[in-house]
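Chemist: got a predicted structure plus its sequence, pasted below:
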Amino acid sequence: MTNFKGTREAFAAALMDMAEERKDIMVLSPDSLKAMRAVAFGEKYPERYVECGIAEQCAVDVAAGLASAGMTPFVGTYCGFLTMRACEQMRTFVGYTNQNVKFVGVNAGILGGEREGVTHQFYEDLAIVSSFPNYTIFTPADPAQCYHAVQMAANTHGPVYIRGGSGREVDVYDKEAPFAESGITVWKEYGKEAVLFSNGYVLDRVLAAADLLKEQGIGVTVADINILYGKDPSEIVKVMGKSQQYSRWRTITSTAVWAPTSAVWPVSTSPPG
Amino acid sequence: MTQEQIHAMAQKLRLEAVRMIYEGKDGHPGPALSIADIVATLYFDVMNIDPKNPQWEDRDRFILSKGHACPILYAALNERGYFEPKVEHFQLRQLHSMFQGHPSMHSTPGIDMTSGSLGNGIAVGAGMAAAAKVQGRDFTTYVICGDGELQEGVCWEGVNMAAGRKLDNLVVFVDRNGWQSYKSVEFTVGNNNIADRFRAFGWHTQEIDGHNIDAIRSAVTIAKSQKGVPACIVCDCIKGKGVSYMENNNSWHKGVPTDEQYAIAVKELGGAEA
């Protein structure tokens, strides 16, 4: 495994570790190669790096064309420029057509914080992509998970959207821990008073919160949901059953609030109160 | 095929397009008739395709970026043998029909890309052309755009990228009939200097009569012989071409002929009198 620090570096490392064997993998850049830390890929595999210029809609369309001819393009840039600027292209030419295109949207969530300002900090992406047909959504919780998510995306047929961070993500998982195919990893089982469903790069804080609650005599279960709209939600349902009351499920995430919960509700018989 | 045979096929496609709109009571006849000669030339002379194997990896690709003109494409696919058995009644725009109001690649054999959301065909086609380059395949990707459609910004993103990538295996036809949904292109944006714009982006650009089969054929030959640049063929076309009351009459952008109008169209297009 190539070394990396943040999630963007993890994205680039995962691609580099696959690219020699996987000749179908391409990188599409709406002038985002540097932002995605993928300059090395562009230099080593110039024929598989397509520069579209500062034109996200074009990049998504080109990816759809490439995928229709059997390639596996990754399109990476700031997540709002993908999911909002190129929203319709992601929905129509990749989603409805079920093309094998992978997206990595970075600066997802509010962790970009004061550095970036409103134009480069996005919490709407999951709500938007959740409404598209055929997408599987990967929400890794740290850089190592992002590395494994990118590799799993390359082996998942159809559109995949991966959430990338802003460079402030805390390492939580063991670097070798796989990206859970079940879509859920239980981290703490302090009790049955509530289940805290974490999602994405807030996991370290959710774990800290569980410890604080424990000190106050409230025992909770903490689970990281890493796949939204995965093929098999049975493990998620099982964890839900560990809570004594439906009203004690909580989702803690860095996104518009309806996105992750809407992905969990359909698998239950009745929604949280 | 000879020029006369392709012309006859174009007329047949026009007749079929009008018939499916008449039977389905919905659709866009004017935009479909405008491109009949280009589509007939592509599907019956130019393109390297195998109707029995629509997913053949080395086939030439076609994107109808102005997807609302799809009746003419459905007719071409039917006459070319993509559907088994041959379709008699298309049920255009009807529930459960495979002939949607805009082309859908997973609904209809032979449709290489879903389209209809205007502006995206050039960039998607550039993706297909880029795939051919990286895979070492020698297929050509053909796109038909409308002149009104070129008001969409993403068109020019694709035009820019294709030139930068030197995609000489991408050929874009522009159906310059001068009309769009409401009024003329000139009314809408002031000018229709499509060829100048493509040239400015570095594309090899030709301007031809879009109803002259030989002109279309030789323009394709010239376009494919260019090295290192994508090619644009600006085709002067008549919206509604072939049906007298539809020609240059923009009220036929979308519309359904009455029984009497349908009979006139059938007669003018050389079909049996209704």
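Modeler: Now that the structure is in, tell me what you want to look at.
Chemist: going forward, measure contacts and count neighbours with C-alpha atoms only.
Modeler: OK.
Chemist: helices along the stretch 151-273 of chain A, start to end?
Modeler: Under the criterion DSSP state H, counting those that start in this stretch, the stretch 151-273 of chain A contains helices at A:203-215, A:234-240, A:258-264.
Chemist: tally of neighbours for B:Lys183?
Modeler: 14 (other Cα atoms under 10 Å in any protein chain shown).
Chemist: I misspoke; the intended subject was A:Lys34.
Modeler: The burial count for A:Lys34: 13, using other Cα under 10 Å.
Chemist: need the helices of the stretch 151-273 of chain A in a markdown table (columns: distance to chain B and mean pLDDT).
Modeler: Shown next, in a markdown table, are these (distance: least, Cα to the nearest Cα, whole Å; pLDDT from 0 to 100):
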| stretch | distance to chain B | mean pLDDT |
| --- | --- | --- |
| helix A:203-215 | 38 | 96 |
| helix A:234-240 | 30 | 87 |
| helix A:258-264 | 26 | 46 |
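Chemist: what would these look like in CSV with mean neighbour count?
Modeler: As requested, the helices of the stretch 151-273 of chain A are exported to CSV (neighbours: other Cα atoms under 10 Å in any protein chain shown):
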stretch, mean neighbour count
helix A:203-215, 16
helix A:234-240, 17
helix A:258-264, 19
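Chemist: near chain A, which residues of chain B?
Modeler: Chain B has residues B:57, B:105-106, B:113-114, B:120, B:123-132, B:134, B:154, B:157-158, B:161, B:165 near chain A, with proximity defined as Cα under 8 Å from any Cα of the partner chain.
Chemist: of those, buried ones?
Modeler: The neighbour count (16 or more other Cα atoms under 10 Å in any protein chain shown) marks B:113-114, B:120, B:123-132, B:134, B:154, B:157-158, B:161, B:165 as buried among these.
Chemist: keep only those of those residues that are in helices.
Modeler: Those of those mapping onto helices are B:123-132, B:134, B:154, B:157-158, B:161, per DSSP state H.
Chemist: pLDDT score for residue 99?
Modeler: Going with chain A. pLDDT for A:Gln99: 98.
Chemist: other chain: chain B
Modeler: 98.
Chemist: burial measure for the closest residue to it other than its chain neighbours, as a count.
Modeler: Of all residues not flanking B:Phe99 in the chain, B:Leu92 sits nearest, at 5.2 Å (Cα to Cα, 6 or more residues apart in numbering or on different chains). Residues within reach of B:Leu92, counting by other Cα under 10 Å, total 26.
Chemist: which residues of the chain fall in strands?
Modeler: Went with chain A since none was named. A:25-29, A:49-51, A:72-78, A:102-106, A:136-138, A:160-163, A:184-189, A:194-199, A:220-225, A:227-228, A:249-253 (DSSP state E).
Chemist: let's do chain B instead
Modeler: Using DSSP E, strands in chain B cover B:61-64, B:141-146, B:170-176, B:204-209, B:231-236.
Chemist: mind putting those into a markdown table with mean neighbour count?
Modeler: Listed next are these as a markdown table, based on neighbours: other Cα under 10 Å:
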| stretch | mean neighbour count |
| --- | --- |
| strand B:61-64 | 25 |
| strand B:141-146 | 25 |
| strand B:170-176 | 27 |
| strand B:204-209 | 19 |
| strand B:231-236 | 26 |
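Chemist: output the residue of the stretch 1-150 of chain B whose distance to chain A is smallest.
Modeler: Nearest residue of the stretch 1-150 of chain B to chain A: B:Gly127, at 3.9 Å (Cα to the nearest Cα).
Chemist: just the helices in the stretch 151-274 of chain B please.
Modeler: Under DSSP H, counting those that start in this stretch, the stretch 151-274 of chain B gives helices at B:153-164, B:185-189, B:194-200, B:213-225, B:259-268.
Chemist: make TSV out of the strands of chain B and add mean pLDDT.
Modeler: Formatted as TSV, the strands of chain B follow (pLDDT from 0 to 100):
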stretch	mean pLDDT
strand B:61-64	98
strand B:141-146	98
strand B:170-176	98
strand B:204-209	98
strand B:231-236	98
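Chemist: got JSON lines for these, with distance to B:Met47 too?
Modeler: JSON lines is the format used below for the strands of chain B (distance: least, Cα to Cα, whole Å):
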{"stretch": "strand B:61-64", "distance to B:Met47": "8"}
{"stretch": "strand B:141-146", "distance to B:Met47": "9"}
{"stretch": "strand B:170-176", "distance to B:Met47": "12"}
{"stretch": "strand B:204-209", "distance to B:Met47": "19"}
{"stretch": "strand B:231-236", "distance to B:Met47": "16"}
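Chemist: burial count for the residue lying closest to B:Gly270 once chain neighbours are set aside?
Modeler: Spatial nearest neighbour of B:Gly270, chain neighbours left out: B:Gln11 (7.4 Å); criterion: Cα to Cα, 6+ apart. B:Gln11 has 22 neighbours, counted by other Cα under 10 Å.
Chemist: let me see the ranges of the helices in the stretch 1-150 of chain A.
Modeler: Under DSSP H, counting those that start in this stretch, the stretch 1-150 of chain A gives helices at A:7-19, A:39-44, A:56-68, A:79-80, A:87-88, A:125-130, A:143-154.
Chemist: out of those helices, indicate the one that is most buried.
Modeler: helix A:56-68 (a mean of 31; mean count of other Cα atoms under 10 Å in any protein chain shown).
Chemist: and chain B, which of the helices of the stretch 1-150 of chain A is closest to it?
Modeler: helix A:56-68 (3.9 Å).
Chemist: on that earlier part again, among the helices of the stretch 151-273 of chain A, which comes closest to A:Glu51?
Modeler: helix A:258-264 (31.3 Å; Cα to Cα).
Chemist: A:Cys146 contacts A:Pro140, doesn't it?
Modeler: Yes: using Cα atoms under 8 Å, A:Cys146 is in contact with A:Pro140, at 5.1 Å.
Chemist: joint contacts of the two?
Modeler: A:162, A:164 (Cα atoms under 8 Å, 6 or more residues apart in numbering or on different chains).
Chemist: correct me if wrong: A:Gly6 contacts A:Glu169.
Modeler: Yes: counting by Cα under 8 Å, A:Gly6 touches A:Glu169, with 6.7 Å between them.
Chemist: against A:Tyr190, how distant is the residue of chain A positioned farthest from its centre?
Modeler: Most distant from the centre of chain A: A:Gly217, at 33.2 Å, with distances by Cα atoms, centre = their mean. Separation of A:Gly217 from A:Tyr190 (Cα to Cα, to the nearest Å): 10 Å.
Chemist: before we move on, back to that, make CSV from the helices of the stretch 151-274 of chain B and add distance to A:Pro178 to it.
Modeler: As requested, the helices of the stretch 151-274 of chain B are exported to CSV (distance: least, Cα to Cα, whole Å):
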stretch, distance to A:Pro178
helix B:153-164, 37
helix B:185-189, 55
helix B:194-200, 49
helix B:213-225, 49
helix B:259-268, 64
